[in-house]
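> What would the 3D arrangement of this be:
(chains A, B and C)
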Amino acid sequence: MATIADVARHAGVSSSTVSYVLNGKRPISEETRRRVRRSVAALGYHPNAGARALAGRRSHIIALVVPLRTDVYVPVMMEIAVSVTTAARRHGYDVLLVTNDEGPAGVRRVATSGLADGVILMDVELGDKRVPALRAAGTQAVLIGLPDDPLGLSCVDHDFAAAGALSADDLADLGHRDVAFIGYEPGVYARHAGYAERTLAGFRERAQLRGLRFLHRPCEGTYEGTAGTLARILADRPETTGFVVQNERAIGPLLSLLRSGGRPVPEAASVVALCPDRLAEQHSPALTSVSGSAQELGRVAVEQMMSRLAAAQRQEQPVDERVLLPPVLTERQSSGPAGATPSNAKDPS
DNA sequence: TTGTGCGACACCACGACAGA
DNA sequence: TCTGTCGTGGTGTCGCACAA
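Residues are numbered from 1 along each chain as shown, chains lettered A, B, ... in the order given. Have a look, this model is predicted:
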């Protein structure tokens, strides 16, 4: 394996000159640069990551703490992870994927071991125990999600409250008066996941403002779970015609149950899904959706991290940024004007 | 004064070795 | 056996020298 000294010998310069050619931190004549680059290519040289970390006191690695649980929608998480990795590479950083099974102890271990220059935390809960651990470790950290107390950290998230409000507005604008919010499984609310609670709060506030009668029902997302949830909604409020669904796994079962229960979408019931566009387009009928860009979320998180690392390098206090990405409502075929009478409505259970 | 290149040294964890 | 010291790895960067 070629070292910087081999390249220097091959090019007839000192190793410091090779280093300056590679990192561009000092002007080097075009002729010398050309010679060094030729030697780098000829020897197949790549800087030794360990030595580089030792000398620069930076590993050029960002740890990405990814939730891998049964109640997360994996495609969205993967989309964010890919976006973080791509954006990090543009800055010369690699990404270390860390699963969340160690909790705060795992975050502390990664943050204090020098394994990574910074930590990006996904799936942040309101009172997330990992946040104080990160703060205490003194590492640069960016949260994808908004905790109760984001002091000393940068955060980026979708504006879930606005997404909830948009979905309520859409159904209200279409004339629906009785609507139901089908949420995630109860465990998600029990652990105070910020995205779930903020969406619900935004929906609730706007629904009240628009004079909607509404129900919120957590839902397991299985066919049986969705059937039970829908049955309870229609038992409590049979006149319900508008449905907002946040649990991605419940969407398919819900459409099917409404159809078989004599409430075809959109003729007799409207469904607005809080989900990625790609998923909304896969269903039949294609779903009216409120979505945010997972790619943008990852990109902004990395930009925030780079800005924090640069500030720390200059021995300045990093700025705690807080960015909420606005949601976009896309009208498709699953929502329509209220007023159609349910035909042959049956008990979905 | 500016541009360019070089030597020296620090970085840090770990193993090898010497001395108590 | 324990403790302390030194050398090792490859890279990044500072300070200096030199030429134009």
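
> And the closest residue to residue A:26 other than its chain neighbours, which helix or strand is it part of?
Residue nearest to residue A:26 in three dimensions, not counting chain neighbours: residue A:20, with 4.3 Å by CB to CB, 6 or more residues apart in numbering. Every residue, glycine included, has its C-beta placed from N, CA and C. Taking DSSP states H and E as the definition, one finds residue A:20 inside helix A:15-23.

> Dump that helix to PDB, keeping only the CA atoms.
Output in PDB follows, covering the C-alpha atoms of helix A:15-23 (Å, rounded to 0.1, in the frame of the first residue of the first chain):
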ATOM      1  CA  SER A  15       5.800  14.600   1.600                       C
ATOM      2  CA  SER A  16       4.500  18.000   2.900                       C
ATOM      3  CA  THR A  17       4.200  19.200  -0.700                       C
ATOM      4  CA  VAL A  18       2.200  16.100  -1.600                       C
ATOM      5  CA  SER A  19      -0.100  16.800   1.400                       C
ATOM      6  CA  TYR A  20      -0.600  20.400   0.200                       C
ATOM      7  CA  VAL A  21      -1.300  19.300  -3.300                       C
ATOM      8  CA  LEU A  22      -4.000  16.900  -2.000                       C
ATOM      9  CA  ASN A  23      -5.700  19.200   0.500                       C
END
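
> what pLDDT does the residue nearest to residue A:26 get?
pLDDT for residue A:20: 86.

> residues in chain A within reach of DNA strand C, list them.
A:3-5, A:15-16, A:19-20, A:22-23, A:25, A:45, A:47-48, A:51-52, A:54-56 (CB under 7 Å from any atom of the strand).

> From residue A:97, how far out is the residue in the stretch 151-300 of chain A positioned nearest to DNA strand B?
Closest contact between the stretch 151-300 of chain A and DNA strand B, by CB to the nearest atom of the strand, is at residue A:152 (22.6 Å). Distance, residue A:152 to residue A:97, using CB to CB, to the nearest Å: 24 Å.

> After the one helix or strand residue A:255 maps to, which helix or strand is next?
Following DSSP H and E, one finds residue A:255 within helix A:248-260. Once the chain leaves helix A:248-260, the next helix or strand it forms, by DSSP H and E, is strand A:270-274.

> Mind checking the pLDDT average for whichever helix or strand comes after that following strand?
On the C-terminal side of strand A:270-274, the closest following helix or strand by DSSP H and E is helix A:277-282. Averaging the model's pLDDT scores along helix A:277-282 yields 92.

> next one: stretch A:303-310
90.

> Buried residues in it, which are they?
Buried positions in stretch A:303-310, judged by neighbour count with 16 or more other CB atoms under 10 Å: A:303, A:304, A:305, A:306, A:307, A:308, A:309.

> closest to DNA strand C among those residues?
Nearest to DNA strand C among these, with distances taken as CB to the nearest atom of the strand, is residue A:309, at 12.4 Å.

> pretty sure that closest one is touching residue A:117, no?
Yes: counting by CB atoms under 8 Å, residue A:309 touches residue A:117, with 5.9 Å between them.

> Kindly state the domain boundaries assigned to chain A.
A:4-47, A:61-152+A:293-326, A:160-291 (automatic domain parsing).

> May I see these arranged in TSV, with distance to residue A:338 as well?
TSV is the format used below for the domains of chain A (distance: least, CB to CB, whole Å):
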stretch	distance to residue A:338
domain A:4-47	62
domain A:61-152+A:293-326	27
domain A:160-291	4
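
> Verify the contact between residue A:66 and residue A:95 for me.
No: at 10.0 Å, residue A:66 does not count as touching residue A:95 under the criterion of CB under 8 Å.
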